[in-house]
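Undergrad: Starting from these lines, generate the structure:
(4 chains)
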4 protein chains.
Amino acid sequence: MEFGSDNQSGCSERVMHALAQANQGASSGYGHDAWTERAVARLREVFETDLEAYFVASGTAANCIALAAMVRPWQLVLAHEQAHVAVDESTAPEFFTGGARTVGVPSDGPRLLAADLQAHLARQGQDMPHNPQAGAVSITQATEAGLVYRVEEVAALTAVAHAHGLPVHMDGARFANAVAALGVSPAAATHRAGVDVMTLGATKNGCMGVETIVVFNRALSAPIQHIRKRSGHLLSKSRFLGAQIHAWLEDGHWLTLARQANRQAQRLSSGMVALPQVGLAWPTEANEVFLRMPRCLAQGLRQAGAHFYDWNPAALPSGHRLGDDEVLVRLVASFATSDADVEALLDCATRWVRR
Amino acid sequence: MEFGSDNQSGCSERVMHALAQANQGASSGYGHDAWTERAVARLREVFETDLEAYFVASGTAANCIALAAMVRPWQLVLAHEQAHVAVDESTAPEFFTGGARTVGVPSDGPRLLAADLQAHLARQGQDMPHNPQAGAVSITQATEAGLVYRVEEVAALTAVAHAHGLPVHMDGARFANAVAALGVSPAAATHRAGVDVMTLGATKNGCMGVETIVVFNRALSAPIQHIRKRSGHLLSKSRFLGAQIHAWLEDGHWLTLARQANRQAQRLSSGMVALPQVGLAWPTEANEVFLRMPRCLAQGLRQAGAHFYDWNPAALPSGHRLGDDEVLVRLVASFATSDADVEALLDCATRWVRR
Amino acid sequence: MEFGSDNQSGCSERVMHALAQANQGASSGYGHDAWTERAVARLREVFETDLEAYFVASGTAANCIALAAMVRPWQLVLAHEQAHVAVDESTAPEFFTGGARTVGVPSDGPRLLAADLQAHLARQGQDMPHNPQAGAVSITQATEAGLVYRVEEVAALTAVAHAHGLPVHMDGARFANAVAALGVSPAAATHRAGVDVMTLGATKNGCMGVETIVVFNRALSAPIQHIRKRSGHLLSKSRFLGAQIHAWLEDGHWLTLARQANRQAQRLSSGMVALPQVGLAWPTEANEVFLRMPRCLAQGLRQAGAHFYDWNPAALPSGHRLGDDEVLVRLVASFATSDADVEALLDCATRWVRR
Amino acid sequence: MEFGSDNQSGCSERVMHALAQANQGASSGYGHDAWTERAVARLREVFETDLEAYFVASGTAANCIALAAMVRPWQLVLAHEQAHVAVDESTAPEFFTGGARTVGVPSDGPRLLAADLQAHLARQGQDMPHNPQAGAVSITQATEAGLVYRVEEVAALTAVAHAHGLPVHMDGARFANAVAALGVSPAAATHRAGVDVMTLGATKNGCMGVETIVVFNRALSAPIQHIRKRSGHLLSKSRFLGAQIHAWLEDGHWLTLARQANRQAQRLSSGMVALPQVGLAWPTEANEVFLRMPRCLAQGLRQAGAHFYDWNPAALPSGHRLGDDEVLVRLVASFATSDADVEALLDCATRWVRR
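TA: Numbers count the residues shown, from 1 in each chain, chains lettered A, B, ... in the order given. Sure thing, here's the model as predicted:
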C-alpha cells in the first residue's frame, strides 16, 4: 500500500527495456547521440512545434536551469506560495539564477490565477533599481494540490505576464497527469496558451530519472547549454536520458501511464470520501488525493501497512483549518498503483471505521 | 520644504569638520588607521560591550554583509514584509549571502512581533534538505513605518529566534532616532535584548556616508573581513569613515541630531493631523510621518514647493485601504530640518485647506 | 574502433542487471532506500573506514559539490593546470563554491607534486584579505595525462597541503584504473595517504551514470546534503544510483573492469609505439594512451573508421612541441574494449605505415 | 617619509573644498543630484565622447561591477598574472560576475601585450561548453609594476581581443598618472585605442574615495545600475561622489596632481639608483618606483622612519631572482609627496650607504 509519492515507483517495462537496448555498443555522449536526437524529434512531434529540448536527471535541475535562462539576478521569480520551486527545492532557484529571489504570490486558492498575478504586480513598488522587479512567472501543472489548470486559465495568466514583459515557466513535473486529465493536446496546454518554457517531468510517471527543459520561446535558449554544464547536469552517457524519453513518448506510452495513475487516484478519492469524517481538501483532478481525516484513522492505516505523507496544513485555503484531531494527508497514485493496492487501502479504512 | 528623506540632508558641521581634520597628513588605510581604532573604541563605550565593528559606505552593504555572516546559502532570512532588506535593496541579500532567500513574514502590523515569527516558523515545512529553513531574523529599528520597537518587544522576538537557533540582525538605519525616542541605553536596546548583529546607520543622521556593522555575538564575525573585501566595501582611505563615526558619537552628537529630527517630525505630525481629512497611517514615533491625505492636498503642497514621496499603500495594515481620492505619503524630518521648514509646510497645508 | 572516451561505452552486464533488479516494487527515494544504504556499507568495506558517501549523476557535480564543502567563497582551489576541474568543467567550481577561484598551479610535469605546491604557495601574496588564499588542493587520479600518482607522491602532497591548513580533494574519475595499476588497497591510495575527500568515478568504468562523493574527513561533510539538494543533484529515485554502485563494487567487479581497460590500453600503447614516427607523450599507466603521430596517420586511421580525439598540445610538458606535421591524440580503452578492437586499430595503423 | 601607497594621502585642498561646498542644503540622492550630473558632463568633455559614467566608492567595486557587465558567469576574465583584479581583490571578480573565473595570462613582461593574449587564446581548449572560454580582457593603466602602456600597445591588444569577440576593460586606478606620463589625450589612451569600459581611479590621486566606471561601449551599460545597487554601491548621498569628481577634473586638476606625483617618483628613482647595489626592477614611468636593494638598506631606511612595502618577488620577470640579501621594495609618490619628503629619503639612504 504505497501511496507516498509517484517517485517511489520504479520505471515502466517499456522504459527499462529501452535502457537495456540503448546499452548496446558505443556512442558519443554529452547530448551528441542518436537517442537524444530521436527524443528531441519526438518531442517536436508531440508538441507540434519546433521546440528546443535539454535533458537532465532531476526536476529541481530542470526547473532551475529553465528559470536561470529566464531572469537576471536582480529580478524576482513569482510563483504560487505552495509551488515546488518555492518550498521544496531548498534555495535552488536562487543558486541557479545567481540570486534572483523566489517570491510566493498570495492567492486565495491552490492555483495562481491571472487576477492573483495582476494584484500582486500592482502592489509591488516600482522604484528601480531599489525595489526588485519580477523577471518571470512560474506555475505548476498539475499543481502541488493535485489540481489542473484549465487551458484558459493558463492563457489568462500568460496574457497578464506577457503584458508586463514576463516570460512564463510551467513546472510540468506531473504534466502527463494534467494532459491526461484535461484531454487536450500538449500544444494547447502549453505554447498555444502562452507558456515560454516548460519542465516536462518523466521521472514521476514511469522513467528512471529524466526531466526535460522544453523551450518554446527560443529567444530564451542560448544560455541553457552553459548553465546545464556548469551546474553538473550535462551527463556523459546522455543516450540513457534520450532513450528514456523516446520510449516514454512512443505510442502515447506517457499518457497511458498517466491515465492509469489518474484512474487509481479517482478510485481512491471516491472510496475514501464515502467514509464518515473523511473529506477532500481539494477535488481530485490528477493523480494526487488530499484528504482531511481523523488523526487516528491515519494512524490506523499506517499500522496496517499503508505509506503516505502528512501534508502541511498551511497549504489549506485561508480560513480553512484542521480540527484538533484531524490531519491533512496526501495519497499519490502512480502508473504502478494496482487495483489491489487501492482496494487494500479502502478495505483497511472501511474496517477501521467500522471497528 | 525638503521632506523627501533624511538622506537628502548633508552632514552636520561637526562631522564635516572632523573630515577636514582627518585630511591632514598621511595614514595607513584599509581599516589600519587611528581614526578607525578610535571609532571602534568609542562604539565599545557607547554600547558598553566588547563588540567588533566594521565600517562601510552604504546601508545595503552593511545589512547584507551582516546577513552573509549569519546565514548559509541554503537558508532563509526572515524579515517583515515591508523591511528595507526585503523591498528596497534589490536582491542584495541574495547576492551577498550566495543565494539565501529573503522571505517577508506576514504580520498584522508594522512591526515583526514574537508571535508573528512563532506563527511563521510553525507553518514552515520542516523536511530538510527539501524545505528551506530559516537561518536568521532581521528587524528594522526604527521600522519602515517610522515606529519603534520597545525593548521588551525586541527581547521577546529574539527569545523566539534563539529558541529556534536563529541569530537576530537589527537594521539600525535609523537606530539613533529610535534610541532618542525610547530613552533607553543603546546597550539595552540591542545586545541586552538579544540582538546578535546590528547595522548602525549614521548616513541618514548627519554623516556623509558611513554605516557600521556592529557584531555583539562575536562567534559570527570571522567571515566579515573577507565578505567586506570581496564585495568592494573595504575602503582604502578608511580614516574618513572612522573620523565620521568618531565625531558623530562624541558628546552624544548622534543623539542630539536624532532628537532634533524626531522633534520636527512630532511638530509636523501634530500640525498635519489637526487638518481635516488628514490622518496618520501610524503613530509618529521617530522622524518619519506617514499621512493619508486627499490627493489634491498632496498636489497642492508639491506645487507650493514641498518635496516628499508617495508611499506604497500596500504597506497599510490588512483591511486598511485608501479612499479613491486619497494618497499615502511620507514626510521625513532630518537633523537639518528647521522650525521654519516645518512652519512653511504647515502654513501651506492650512492655506490649501482654507482655500 | 571506438577509442574516443571511456564514457562512450555503456554499462556492464552486471550493472544493467542490478538496475533491472532494483526496478522491482516501490521504494523510498532521495537517498532513503535500501540500495543506497547497502552501497554505502560496501564503500566502507572497500575503503576500510567509516566514510560518508553521497551519490550523484555526474563527475562535475561530484567534484564541485566536494570542493564547495571544502572551501569558502573567498578562497582558491589549487589544481594542476590541466586538471579536469580547471579546464573541462566550465566554471562549475566557481558556481558551486560561490566564487572560489580555480587556479592552475604551474608544474613541470603531468602530476602536481609536493614541490610544485610548495613553490606555488611560497610565491603567493599573503596579505589578507586582499590576496586570495588557497582553501583546498585538488588532484586527479589517474591524471588527465593517463598517469598514476604513486602512494608516496600523494602522501607528500597532502603533507604540504595539510601543513598549510588545506584539505585535499582527489578527483577519482578514473580511480578504479589507478588502483588497478598501482596494485595497492583503495585505503592506501586515499585516506591513508592523507586524502580528505574524493570523487569516486563509476560512470567511465561500467556504470550508467553515478559518481560518489566519498568523505573521509567527516568534519567536512555537514554542508554536502544541502549543496547537493540546491544544485539539483539529490535524485528522487535514488535506488538506481545505489544499485549501480553496489553491483559495481561487489566481488571486485569495479577492478575487474578497470584491469580489462588498462590491459587493452597497454596493448594499444605497445603496438603503436612499435611503429615508426609514433611516440608516447607520457607513459601508459592506466587506460589512456597519448601519442604523437604524423597528422596523416591520424587521418588515415579515422578514414578507416577509428574514433579518437586530438588532444590539446598545450598539455605537453614545457619545452616539448609538436612537429609541424604531427598531432597529439588520445586513445582511451574502456572495460568494453575488446581484443578485436585493439587489433583492428593496430592492423590499420600498420597497413597505413607500410603503404 | 611616507611612500607606502598613494592611497595613504588624504585629498587635495580643492577636493576637500568641493565637499564642503556640496554639503550646503538638501539634495536628491542615489545619483539624481546636480553634482553627479555635472561630473558626468565633465567626463564627457574630458574624454570627448558620449560616455556613460557610474560613481562608486572603491576601486574593487568599480573594476568588478564593470567586469560583471562584460562577461557571463560561464566565461573567463583574462588579465596579467600580477593584475590587481587577479591578486589584490580577493575573489571579488568571481563574486560580482556570478562565478566567471579570473585567469592570469602568462607574459614575459610586466605588461599584457597583444602577442601574450594571442598566444594564450591559441592554447585554450575550444570545446564548448566544457572548456571555459574567455569573455573579457582586463589591463591596468598604469600597470602594477608602475609602467605605462603606449597607445599603440593598447590598440594592438584591443584589436586581438575584439577579433575574438572580447570586450576590453582598463583598470585605470592610476590612469591619471599614466596620461600625465604619456602626454596624450584621455580619449586617445582609451576609447580611440579600443577600450570598451574603464575604471577611472580618483582616490589614489587626490580624492577622498570615488572611482568611476566609464562605459565607452554603451551596449554594455544596461545591467550596471542593477549590479551597483545589489552590491551596495549605489550611495544615498551621491552628491559627495559627484562633487569630488567634478572638482578633480576641473581646470585639469587631476593631471596637475598626477604630474606632481610622477615628478617626485622620478626624483626618487634617479636618486636611489645612483646608490651602489640599488637597482630598478622596472623603469619608473608613472608614480611608483620598484627597487632591488640590500635587505639591510631597507631596514635602515625603515629604522630612520621611512614607510614603504616589500613587493612580492614573484612579480619579477621570469629568470630574474633576488640575491639572498636583496629585497624588492615599492616606493610610491602621491600628489602630496613633497620635495622635502624625497630629499629626506635620499639623504637617509646616502647616509646609510656611506656609514
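
Undergrad: Now do the nearest residue to A:His164 once chain neighbours are set aside against A:Met198, distance only.
TA: If the residues on either side of it in the chain are set aside, A:His164 comes closest to A:Leu121, at 5.8 Å by CB to CB, 6 or more residues apart in numbering or on different chains. No exception for glycine: its C-beta is placed from N, CA and C like everyone else's. Distance of A:Leu121 to A:Met198, computed by CB to CB, to the nearest Å: 22 Å.

Undergrad: Those two: who's more crowded?
TA: Each of A:Leu121 and A:Met198 had its neighbours counted (other CB atoms under 10 Å in any protein chain shown), and the higher figure belongs to A:Met198 (28 against 19).

Undergrad: Check whether the more buried one really touches A:Pro167, as I assumed.
TA: No: the pair A:Met198 and A:Pro167 fails to qualify as a contact (CB atoms under 8 Å) at a distance of 11.2 Å.

Undergrad: can you count the residues close to A:Ala159?
TA: A:Ala159 sits with 15 neighbouring residues when counted by other CB under 10 Å.

Undergrad: Then A:Val353?
TA: Residues near A:Val353, counting by other CB under 10 Å: 15.

Undergrad: and whichever helix or strand it is part of, anywhere near chain C?
TA: Secondary-structure assignment from DSSP states H and E places A:Val353 in helix A:339-354. No: using CB under 8 Å from any CB of the partner chain as the criterion, no contacts between helix A:339-354 and chain C are found, and the smallest distance is 9.4 Å.

Undergrad: buried sites along that helix?
TA: Along helix A:339-354, the positions that meet the burial threshold by neighbour count (16 or more other CB atoms under 10 Å in any protein chain shown) are A:341-342, A:345-346, A:348-349, A:352.

Undergrad: before we move on, what about stretch A:1-15?
TA: Residues of stretch A:1-15 classed as buried: A:1-12, A:14-15 (neighbour count, 16+ other CB under 10 Å).

Undergrad: Which members of these are the farthest-apart pair?
TA: The most widely separated members of those are A:Met1 and A:Arg14, with 25.3 Å between them, by CB to CB.

Undergrad: What sits closest to the spatially most central residue of chain A if chain neighbours are left out?
TA: For chain A, the residue sitting closest to the mean C-alpha position, by CA atoms, centre = their mean, is A:Ala173 at 2.4 Å. Closest residue to A:Ala173 apart from its sequence neighbours, by CB to CB, 6+ apart: A:Gly201 at 3.7 Å.

Undergrad: Would you check that the one you found makes contact with A:Ala176?
TA: Yes: proximity of A:Gly201 to A:Ala176 meets the contact threshold set by CB under 8 Å, at 7.4 Å.

Undergrad: neighbour count winner among these two?
TA: A:Ala176 (31 against 25).

Undergrad: So what would you say the end-to-end distance of stretch A:271-290 is?
TA: End-to-end distance of stretch A:271-290 (CA to CA, to the nearest Å): 13 Å.

Undergrad: chain center to it, what's the gap?
TA: On the basis of CA atoms, centre = their mean, to the nearest Å, stretch A:271-290 sits 20 Å off its chain's mean C-alpha point.

Undergrad: Which pLDDT does the model give A:Val353?
TA: Turning to A:Val353, the model gives it a pLDDT of 87.

Undergrad: Need the residues that contact the helix holding A:Val353.
TA: A:1-3, A:264, A:267-268, A:271-272, A:275-276, A:278, A:297, A:300-301, A:304, A:306, A:331, A:333 (CB atoms under 8 Å, 6 or more residues apart in numbering or on different chains).

Undergrad: hmm, who's touching the host helix or strand of A:Ala180?
TA: Assignment of secondary structure by DSSP H and E places A:Ala180 within helix A:175-182. With CB under 8 Å, 6+ apart as the test, helix A:175-182 has contacts from A:141-142, A:148-151, A:172, A:185-186, A:189, A:198, A:200-202, A:205, A:254-255, A:257-259, A:261-262, A:285-287.

Undergrad: What parts of the stretch 101-250 of chain A come near chain C?
TA: Checking the stretch 101-250 of chain A against chain C by CB under 8 Å from any CB, the hits are A:203-204, A:208-209, A:226, A:229-237, A:239-240.

Undergrad: with those in mind, which one is nearest to chain B?
TA: For chain B, the nearest member of those is A:Ser231. The distance, counting by CB to the nearest CB, is 12.8 Å.

Undergrad: For burial, what's the neighbour tally of the closest one?
TA: Counted by other CB under 10 Å, the residues lying close to A:Ser231 total 28.

Undergrad: picking up where we left off before, now the buried residues of stretch A:1-15 in a markdown table, with distance to C:Val71 and secondary structure?
TA: Below are the buried residues of stretch A:1-15 laid out as a markdown table (distance: CB to CB, whole Å; DSSP: H, G, I helix; E, B strand; the rest coil):
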| residue | distance to C:Val71 | secondary structure |
| --- | --- | --- |
| A:Met1 | 46 | coil |
| A:Glu2 | 41 | strand |
| A:Phe3 | 43 | coil |
| A:Gly4 | 37 | coil |
| A:Ser5 | 35 | coil |
| A:Asp6 | 38 | helix |
| A:Asn7 | 33 | helix |
| A:Gln8 | 36 | helix |
| A:Ser9 | 39 | coil |
| A:Gly10 | 38 | coil |
| A:Cys11 | 38 | coil |
| A:Ser12 | 42 | coil |
| A:Arg14 | 45 | helix |
| A:Val15 | 39 | helix |
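
Undergrad: Lowest pLDDT pick from these?
TA: Across the buried residues of stretch A:1-15, the bottom pLDDT score, 86, is held by A:Met1.

Undergrad: separation between that one and A:Gln8?
TA: Relative to A:Gln8, and taking CB to CB, A:Met1 is found at 12 Å.

Undergrad: hey, what's in contact with both of those two?
TA: Shared contacts of A:Met1 and A:Gln8, defined by CB under 8 Å, 6+ apart, comprise A:His307.

Undergrad: Name the helix or strand for the closest residue to A:Arg14 other than its chain neighbours, please.
TA: Closest residue to A:Arg14 apart from its sequence neighbours, by CB to CB, 6+ apart: A:Ala247 at 5.2 Å. Element membership of A:Ala247, judged by DSSP H and E, is helix A:239-249.

Undergrad: Next: A:Ala187.
TA: Assessed by DSSP H and E, A:Ala187 sits inside helix A:186-189.

Undergrad: So what touches that helix?
TA: Contacting residues not belonging to helix A:186-189 are listed as A:46-49, A:141, A:151, A:154, A:175, A:178-179, A:182 [CB under 8 Å, 6+ apart].

Undergrad: Please spell out the PyMOL selection for the buried subset of the residues you listed.
TA: Buried residues among the contacts of helix A:186-189 (16+ other CB under 10 Å), as a PyMOL selection:
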select buried, chain A and resi 46+47+49+141+151+154+175+178+179+182
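
Undergrad: Which single one of the contacts of helix A:186-189 is nearest to D:Ala26?
TA: A:Val154 (50.2 Å).
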